[in-house]
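**Student:** Can you look at this prediction? I've put the sequence above it.
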Amino acid sequence: MIRKLMATAVLAVCAQAAHAATANGTLDVQATVVNTCVVLTAPVVFASVGLDEVTANGSITVNCTNTSAFTVALDGGDSGDISARSLTHASLPASFNYQLYTDAGLTTVWGDGVTGSQANGSGPSQTLTVYGRTTSTPDTAGAYADEVQVTVTY
């Protein structure tokens, strides 16, 4: 009987030794979100330009990390002149004028805020329509292009 009691006591001590203890702590997780915006564009494509003025729309999508207000400015393109933007022939010395606007009525020229107006928006994501119109006619058939820089200030 004593042997049985001693065996039971030894088993009880071993069972306690096998039981693991636990401790708890806290892991902090942090992030620093930078204030940034990304600009995506869809081109203004004037199709079938002939002797009459043609209109076309494009878009500028601004995606930001916050909901702050921003402004969108457009430069004068390759001509460097917001008042006289021009499309240049791909291989010949030919060009014709066009203009970009902030409104569907084609009354407010989209510029840099000094020449023409800037467009306003707010994040985190907004798509702005770019309204375009040719303002002169080409003398030569072919492909024409211009590259306008978009500047978002936030």
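**Tutor:** Looks like it came in fine. All figures in this text were calculated on a predicted structure; none of them were measured in a lab.
**Student:** where along this protein do the helices fall?
**Tutor:** Along the chain, the stretches classed as helices by DSSP state H are 2-18.
**Student:** Any stretches of the chain with poor pLDDT?
**Tutor:** For the chain, the stretches flagged by pLDDT under 70 are 1-18.
**Student:** Would you agree G142 is in contact with H89?
**Tutor:** Yes - assessed by CB atoms under 8 Å, G142 is found in contact with H89 at 5.3 Å. No exception for glycine: its C-beta is placed from N, CA and C like everyone else's.
**Student:** Show me which of those two is the more surrounded one.
**Tutor:** Between G142 and H89, H89 has the larger neighbour count (other CB atoms under 10 Å), namely 17 against 10.
**Student:** what sits against that one?
**Tutor:** S95, P138, T140, G142, A143, Y144 (CB atoms under 8 Å, 6 or more residues apart in numbering).
**Student:** So which of the residues you listed wins on neighbours?
**Tutor:** Most neighbours among these, by other CB under 10 Å: Y144, with 20 neighbours.
**Student:** my guess is it contacts L92, does it?
**Tutor:** No - under the criterion of CB under 8 Å, Y144 makes no contact with L92, lying 9.8 Å away.
**Student:** The closest residue to D78 other than its chain neighbours and L87, how far apart?
**Tutor:** In this structure, D78 finds its nearest non-sequential neighbour in D146, 5.3 Å apart by CB to CB, 6 or more residues apart in numbering. Using CB to CB, to the nearest Å, one gets 5 Å for the distance from D146 to L87.
**Student:** one step back: the contacts of H89: which two are farthest apart?
**Tutor:** Largest separation among the contacts of H89 by CB to CB: S95 and A143, giving 12.1 Å.
**Student:** can you give me the strands for this structure?
**Tutor:** 37-42, 55-64, 69-74, 86-89, 95-101, 119-122, 125-134, 144-145, 150-153 (DSSP state E).
**Student:** between those, which one is nearest to G80?
**Tutor:** G80 lies closest to strand 86-89 among these, at 10.1 Å (CB to CB).
**Student:** What residues sit buried inside the closest one?
**Tutor:** Neighbour counts using 16 or more other CB atoms under 10 Å place S86, L87, T88, H89 of strand 86-89 among the buried residues.
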